[in-house]
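Enquirer: Fold the stuff below for me.
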Amino acid sequence: MTADLYRLAMAVLQPGYEGTRAPDWLRRALGEGLGGAVLFARNSPDARHIQALRAENPGAVVAIDEEGGAVTRLEAASGSSFPGNRALGVVDDVRLTERVGRQIGRMLAEADITLDYAPSADVNSDPANPVIGIRSFGPAADLVARHTVAYIDGVQGAGVAACAKHFPGHGDTTTDSHLALPAVRASREVLAERDLPPFRAAVRAGVRAIMCGHLLAPALDPAVPATLSRTILTELLRGELGFDGMLVTDAIEMRAVAAVFSPGEIAVRALAAGADAVCVSLATERSLRDLRDAIVAAVREGALPEERLAEAAARVRAVSGWYGEQAALRDKAIADADPGAGMEAARAALTTTGTARLTRPPLVVEVNTRLSQAVDPSMPTGLATALAEVLPGTARVRLAEEGELPPFDDRPVVLVVHDAARLAWVRDRIARAVRTRPDTIVVDTGVPAFPAGAAHLATHGVSRVSARAAAEWLIR
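Expert: Got it, this is the predicted structure:
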């Protein structure tokens, strides 16, 4: 029984790790029943890397955050081939969203990845949100719901499991849960009308997994974050919404919960509340064993019913089993490539005012390209590179956070900003640039403010294709 209990505890853990190859300790853990692993850009994941994981445990749930747009792990070095959720919401063509989802699923299928921690089903109702923003399809529940379903249909239609996040909705927050505990202060009625519909739609669409967010929703549970709340995870998500798939936590190192509880406490409390898998963004052999031992101890002490742990492990295995049954879908998705879907979406999402265009190499000033903690720091914004390809001699200056504008000479000026609607200091730099040079061209890659400059382009996303679409427009 002890060996079985240890294997159950290992089955519910999904750790990340350092290195571009699977470390020996992780491979041993997979052989001992570890349920899966989560991959990041730092791992340079590819099919060969993942084969090494599957050699130890063919049924491992290999997961990744591949949202498209700003959050990409497979294309972090170059920028995503897809513009991201907000751009898809701006276009509002669910067929196009499904095509994009299918191509993201295709990319994961080629690498033999089981589970995509996407899409974000959050309704970005607060423009000041520092961590969701362009990762959301938009600010309206019905818009987000229909594109959430289309994205899920695309990814799962390619034979890869999708995961709607961050339940019960991270859109109405002004705090990044990587850094502190956000709170959604809306009433239960507002949450039901605004935040929950995309998750209801995802459940009806057959999404295989849902990720819970580290956020406090006092109208639902005033005592603890959603990750640790039986009221939210079991009574609401399981009972009211009827979800019976795998429920995974957001990374337990995030300060929203890690500032209060130890990793073992978070894992045990989350499992007791109704979570099935515990995501650890960066583990070591010691920390993984400590998590396993904390779960085993909680069962032995009666703090976590063994039946709950067994149920959680079974739901993890169900995702693996579903993936194993989808080989024909993956083969078809790989064969039916649709390489133009991402660029088509990026072009359609571009919104513009003014008529200014570039006929010679500009000075590109990047005003705010430090994105949220969810974005890999190596991810480029890309416009300077895209312009240099068509206008050799394009120069680039990157401002430090809240830095001052450089001196302007006679070159055209392109100001690349992000989330001007959210950041007063960014709007201030735009105003200063336009006063000095009324012919300044402003390109906003995030949630834009009111248009300014001789031309204003909103890409509604950070990606390689979004940058190319903007460059095309500027030299049209």
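
Enquirer: pLDDT below threshold where in the protein?
Expert: Scanning the chain with the threshold set as pLDDT under 70 gives 1-3, 369-381.

Enquirer: residue ranges for the strands of it, please.
Expert: Secondary structure of the chain (DSSP state E): strands at 13-15, 36-39, 61-64, 115-116, 161-167, 209-212, 246-249, 278-280, 351-354, 363-366, 395-398, 413-417, 441-444, 455-458.

Enquirer: mind checking how far the residue sitting furthest away from the middle of the chain is from Arg437?
Expert: Residue farthest from the centre of the chain, counting by Cα atoms, centre = their mean, is Asp410 at 40.4 Å. Distance, Asp410 to Arg437, using Cβ to Cβ, to the nearest Å: 10 Å. (Each C-beta comes from the backbone N, C-alpha and C, glycine too.)

Enquirer: OK, contacts around Leu358?
Expert: By Cβ atoms under 8 Å, 6 or more residues apart in numbering, the contact list for Leu358 reads Leu387, Leu391, Pro412, Val414, Ile441, Leu474, Ile475.

Enquirer: Can you tell me, leaving aside adjacent residues, what's nearest to the third one?
Expert: With sequence-adjacent residues excluded and distances taken as Cβ to Cβ, 6 or more residues apart in numbering, Pro412 is closest to Pro362, at 3.9 Å.

Enquirer: Would you enumerate the residues in contact with the one you found?
Expert: Leu387, Leu391, Thr394, Ala395, Arg411, Pro412, Val413, Val414, Ile441.

Enquirer: rerun at 10 Å
Expert: Taking Cβ atoms under 10 Å, 6 or more residues apart in numbering as the criterion, Pro362 is in contact with 383-384, 387-388, 391, 393-396, 411-415, 440-441, 474.

Enquirer: which stretch among the strands of the chain comes nearest Pro263?
Expert: With Cβ to Cβ as the measure, strand 278-280 is the member of the strands of the chain nearest Pro263 (7.3 Å).

Enquirer: Now tell me what touches the closest one from outside.
Expert: Contacts of strand 278-280 (Cβ under 10 Å, 6+ apart): 9, 12-17, 35-38, 63, 65, 117, 211, 227, 248-254, 263, 266-268, 270-271, 287-288, 291, 295, 312.

Enquirer: Please indicate which of the residues you listed are buried?
Expert: 9, 12-17, 35-38, 63, 65, 117, 211, 227, 248-254, 263, 266-268, 270-271, 288, 291, 295, 312 (16 or more other Cβ atoms under 10 Å).

Enquirer: if we can go back for a sec, just the ones in helices from the contacts of Leu358, please.
Expert: Leu387, Leu474 (DSSP state H).

Enquirer: Provide a ChimeraX selection command restricted to the buried entries of the contacts of Leu358.
Expert: A single ChimeraX command selects the buried members of the contacts of Leu358 (16+ other Cβ under 10 Å):
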select :387,391,412,414,441,474
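
Enquirer: And the contacts of Leu358, which two are furthest apart?
Expert: Leu391 and Ile441 (12.6 Å).

Enquirer: what is in contact with those two at once?
Expert: Leu358, Pro362, Pro412, Leu474.

Enquirer: Dump these to TSV, plus distance to Asp126.
Expert: Output for these, formatted as TSV (distance: Cβ to Cβ, whole Å):
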residue	distance to Asp126
Leu358	35
Pro362	34
Pro412	35
Leu474	31
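
Enquirer: out of those, what pair is the most spread apart?
Expert: Pro412 and Leu474 (9.2 Å).

Enquirer: tell me, what's touching the two both at once?
Expert: Shared contacts of Pro412 and Leu474 (Cβ under 10 Å, 6+ apart): Ala356, Arg357, Leu358, Thr359, Pro362, Leu391, Ile441.

Enquirer: Pick the one among the residues you listed closest to Asp142.
Expert: The nearest one, if we look at the shared contacts of Pro412 and Leu474 relative to Asp142 and count by Cβ to Cβ, is Ile441, at 34.1 Å.

Enquirer: How much space separates the closest one from Ala433?
Expert: Taking Cβ to Cβ, one finds Ile441 at 10 Å from Ala433.

Enquirer: who touches both of the two?
Expert: The contact sets of Ile441 and Ala433 overlap at Val413, Val414, Leu415, Gly453 (Cβ under 10 Å, 6+ apart).

Enquirer: got the contact list for the last one?
Expert: I take that to be Gly453. 353-354, 356, 413-415, 430, 433-434, 437-443.

Enquirer: Let me know the closest of these to Thr72.
Expert: Val443 (19.8 Å).

Enquirer: and that closest one, how many neighbours?
Expert: 30 (other Cβ atoms under 10 Å).

Enquirer: which residues does it bridge with?
Expert: Counting by DSSP bridges, Val443 is bridged to Val416, Leu457.

Enquirer: Make 387 the first number, not 1, from now on.
Expert: Right, with 387 as the first residue, what we last looked at is Val829.

Enquirer: quick one, what contacts Phe836?
Expert: Per Cβ under 10 Å, 6+ apart, neighbours of Phe836: Thr739, Ala806, Ala807, Arg813, Ile816, His842.

Enquirer: list the contacts for the fourth one?
Expert: I take that to be Arg813. Arg813 makes contact with Val753, Val803, Ala806, Ala807, Ala835, Phe836, Ala838, according to Cβ under 10 Å, 6+ apart.

Enquirer: what number of residues lie near the second one?
Expert: When you say that, I think you mean Val803. Val803 has 26 nearby residues by other Cβ under 10 Å.
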